[in-house]
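>>> here you go, sequence then predicted model.
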There are 2 protein chains.
Amino acid sequence: MAPHILESYRPLFNPSSIAVVGATDNAFKLGFHSLAAVTSAGFAGEVYPVNPKAGESIQGLRAYRSISELPRGVDLFVYAIPERQVIPSVREAVEMGGRAGVIFAGGFRETGREGRRLQEELIAIADAGGMKLIGPNCIGIVNKQAGVNATFASPLAWFPEGNVSVVSQSGGMGNSILNEIMDEQVGISKFVSIGNRANVEFADMVEYLSADPDTGVICLFIEGLDDGAAFLEKARRASRRKPILVYTRGYTESSSRTALSHTGSAASSEAVYHGAFRQAGLLQVHSSSELAAAAKAVSMGARLEGDGVFVSTHSAGPVVAICDICERGGLRFPPLRADTAGAIAEFIPEHAVAANPLDMFAFAWTDTSLYLRATDLALAQDDVHCAIAVFVTGGGAGPMFPSRDYAEIGRKHGKPVFICLITPCALVQDIADAQKEGAVAWSSPEKTGKALVDLYRLSRLEDNGNAGGDVSG
Amino acid sequence: MAPHILESYRPLFNPSSIAVVGATDNAFKLGFHSLAAVTSAGFAGEVYPVNPKAGESIQGLRAYRSISELPRGVDLFVYAIPERQVIPSVREAVEMGGRAGVIFAGGFRETGREGRRLQEELIAIADAGGMKLIGPNCIGIVNKQAGVNATFASPLAWFPEGNVSVVSQSGGMGNSILNEIMDEQVGISKFVSIGNRANVEFADMVEYLSADPDTGVICLFIEGLDDGAAFLEKARRASRRKPILVYTRGYTESSSRTALSHTGSAASSEAVYHGAFRQAGLLQVHSSSELAAAAKAVSMGARLEGDGVFVSTHSAGPVVAICDICERGGLRFPPLRADTAGAIAEFIPEHAVAANPLDMFAFAWTDTSLYLRATDLALAQDDVHCAIAVFVTGGGAGPMFPSRDYAEIGRKHGKPVFICLITPCALVQDIADAQKEGAVAWSSPEKTGKALVDLYRLSRLEDNGNAGGDVSG
């Protein structure tokens, strides 16, 4: 299966050449932003601007007046043109050997009967020519590993490269999720806004990404599914290979009305989704921020083998919040064994109690070695499956947390360690630095707690036969 | 009342001089970080480092060997010393005319019977001398307007100045909340980590801040209350003058155990808090991120006069999320009247439906004037009480949202307008720019939705007799 599906989508995600139909020098048109996006991402292949009204060049590239003027076999056609030009233009591209297309324009199935008929016509042309179509009514795709930004948003090329892939009906929501992932200081692999889903569905993307060697974790934003059973079947198979996180919306009257007029999908009820996703081994989350925080941990390889958490801190308040969230999510804070507690009691400050959670007051803020010694002892307990350190950081104007040594202790015990590194996003470099050392770090207690609960829920899904194992793809 | 309580806390929040007892040049001691914090915040008064082992100077300032060497009448004493030295040192300060103290050390009531006895002794000395004590077991206070950073964390001086004040038992959680507020691009006035609450309680701070002319909104993080009735009585009065937002934690077994050993407070049940806070006119929130997002809107003066929301967008996905959150929070998206819809239909793109929510596709992204025209028309409806614009921004690499003109339309109609300006925190300057124009902006749909629901809940509290009105204080 894998080689075949990778080859089917090669012209889309790894094109040798890209044509931008509707490219222009007029910054009030999508075709301007689209050509700028395609050329801003480090794409090494040929880029062909196409516009019947063009002069010699567009944005400094040689311009083509029509698709028929192009060399044969351009892989990917990006359509930044009004919807009534789409069908003839896709037909031309298929005739010229095009294998993939991205269509921004709306005006198809989301608009009613005539739109649905047009979309069917479009699908028939594409299918006959073996062309994969993303959209209509989308913002396109990104493949960081190939320098492909087939959207109309240049900033999508700025996201750092990594192994998190995102599929969203909505381009805007997909962008919001990418922003949260960037803020979490992890990188992306593929981004796909599938819009109206002409002949590429969630099911296809889940199958493709589960085979894609650059994808370690798959994130989905779903407003509505047409063929839920087909999706769940492919998702079930894919979730055995890689973790899949899913965020759905569209449960209320106003939101499902919006979703329907958006990409033509009727929303399902929250309860139906919940049960079906669980059965298919998908981890359901409830906000883009939760999605990004959990995806980060998964993408960095963190897995929980059980429910026992050890927490050490110099400040108890954030731990109160983390405990609330974790305990309600099914995690536990096992008591320290007598020998562990005795050993920890040797070096913690006066009045500190050798317990779990372990509060070492501001002493541990100035002498951070206390975290390392306590965590090393606690992780030796069989019923402790991971550790969290809570630390308030000030971007170098106070003590720094010893992330490298802390991560090393986790590796020594073969258990994941996490840092709740309380910092404003203005100082997010602290998070990046900690993660470079191999410790997953979040900037707030709630994120920390929720992401841990998600990892735990993921581990329970895996116990039921789903994997999430191999993040290197 | 107001003048008296302002005068009582003047030596704490607006001291003429500050002594740092335990100041040192040794960076492994709190006394090092504390003196650095006090001198890093632009404080214009005298600063006196005190340490019996000092040479001529500490961190470049003339050093004093004892409190008795100081000039009489130093206002504020910051104690960065071990707990067994605290009581004699506070007694000396009271004798020298000190009126306020901040005590970092733990080892008092949170440690059991002997600690409780010591804390009682401390309170008796302070009360007899009219000295207000913050702590023990805290990280101190900040007053941006006076350049006071009486903590051991220099970065607390970097937060921008504004009208949001924060009171937290926990210094770490307080810091986390301040970070979120900074990330929201609004400024703070006072920060108080009250720790063990020797003779300054939540009730006192709520009373003080409600009288403080620089405070526009009061944010509380509570792990447990000793005298709930007294607090609720003062909070009820204060909430008639200014909005109060409260975030509580400590509901589970592990978290309440942590809270108890933290500041000696037993946690209450969530249900008890919920009802009591509502009766007292306090707005309860459920995370520091929600707290900061809502506090921002309140601090910028946004108030909802009803439940009707108009939404315009170039991307429907984020609106689906916003609708879910808002509708579940009691807000509505009123249908457009025939005349409004007719006028909007004149200029929106083909296939766009003149409805609420209003999706104008990518056309509105390149021609942002569509937002302005549509919002101007919709806000004229009596049943529309506010507007949201959803816009994906790329920090200048694509179209910019016309925040100034949008805010102006809100002012024209006397109704608040909000922007869900989807941006990574790396580009948070976009948020700052939008807010400079007077439009509240959040970076994600969930934040937008939740903050709006909170504003609405606040408006309901106000309908029940509470105010939240005068944010200028």
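All right, it came through fine.
>>> which ones are touching the residue lying closest to A:F310 once chain neighbours are set aside?
Distances taken as Cβ to Cβ, 6 or more residues apart in numbering or on different chains put A:A378 closest to A:F310, at 3.9 Å, once the chain neighbours are dropped. All C-beta spots, glycine's among them, are computed from the backbone N, C-alpha and C. By Cβ atoms under 8 Å, 6 or more residues apart in numbering or on different chains, A:A378 lies in contact with A:310, A:312, A:336, A:340, A:344, A:356, A:358, A:384, A:387.
>>> A helix includes A:A378, no?
Yes. Residue assignment for A:A378, taken from DSSP: H, G, I helix; E, B strand; the rest coil, places it within a helix.
>>> and it, how far from B:G106?
For A:A378, the distance to B:G106 equals 21 Å [Cβ to Cβ, to the nearest Å].
>>> and for the closest residue to chain B within the stretch 151-300 of chain A, nearest residue in space, chain neighbours not counted?
Closest approach of the stretch 151-300 of chain A to chain B (Cβ to the nearest Cβ) occurs at A:S170, with a separation of 2.1 Å. Counting by Cβ to Cβ, 6+ apart, the nearest residue to A:S170 once its immediate chain neighbours are dropped is B:G317, at 2.1 Å.
>>> figure out the helix or strand that the residue of the stretch 301-450 of chain A found nearest chain B lives in.
Sorted by distance to chain B under Cβ to the nearest Cβ, the residues of the stretch 301-450 of chain A start with A:G317, at 2.1 Å. Assigned by DSSP states H and E, A:G317 falls within helix A:316-328.
>>> next: A:F401.
When elements are defined using DSSP H and E, A:F401 is found to belong to no helix and no strand.
>>> and the nearest residue to it once chain neighbours are set aside, how many neighbours?
Sequence neighbours aside, A:F391 is the residue nearest to A:F401 in space, at 4.4 Å (criterion: Cβ to Cβ, 6+ apart). Other residues within reach of A:F391, judged by other Cβ atoms under 10 Å in any protein chain shown, total 28.
>>> if we can go back for a sec, any of the contacts of A:A378 buried? List them.
Burial by neighbour count, judged by 16 or more other Cβ atoms under 10 Å in any protein chain shown, picks out A:310, A:312, A:336, A:340, A:344, A:356, A:358, A:384, A:387 from the contacts of A:A378.
>>> dump those into TSV; add secondary structure and pLDDT as well.
Compiled in TSV, the buried ones among the contacts of A:A378 are given as follows (DSSP: H, G, I helix; E, B strand; the rest coil; pLDDT from 0 to 100):
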residue	secondary structure	pLDDT
A:F310	strand	95
A:S312	strand	95
A:L336	coil	97
A:T340	helix	98
A:I344	helix	98
A:N356	coil	96
A:L358	strand	96
A:V384	coil	96
A:A387	strand	93
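>>> any chance of the residues you listed in JSON lines, with distance to A:E201 too?
Below are the buried ones among the contacts of A:A378 laid out as JSON lines (distance: Cβ to Cβ, whole Å):
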{"residue": "A:F310", "distance to A:E201": "44"}
{"residue": "A:S312", "distance to A:E201": "46"}
{"residue": "A:L336", "distance to A:E201": "51"}
{"residue": "A:T340", "distance to A:E201": "52"}
{"residue": "A:I344", "distance to A:E201": "54"}
{"residue": "A:N356", "distance to A:E201": "47"}
{"residue": "A:L358", "distance to A:E201": "49"}
{"residue": "A:V384", "distance to A:E201": "43"}
{"residue": "A:A387", "distance to A:E201": "41"}
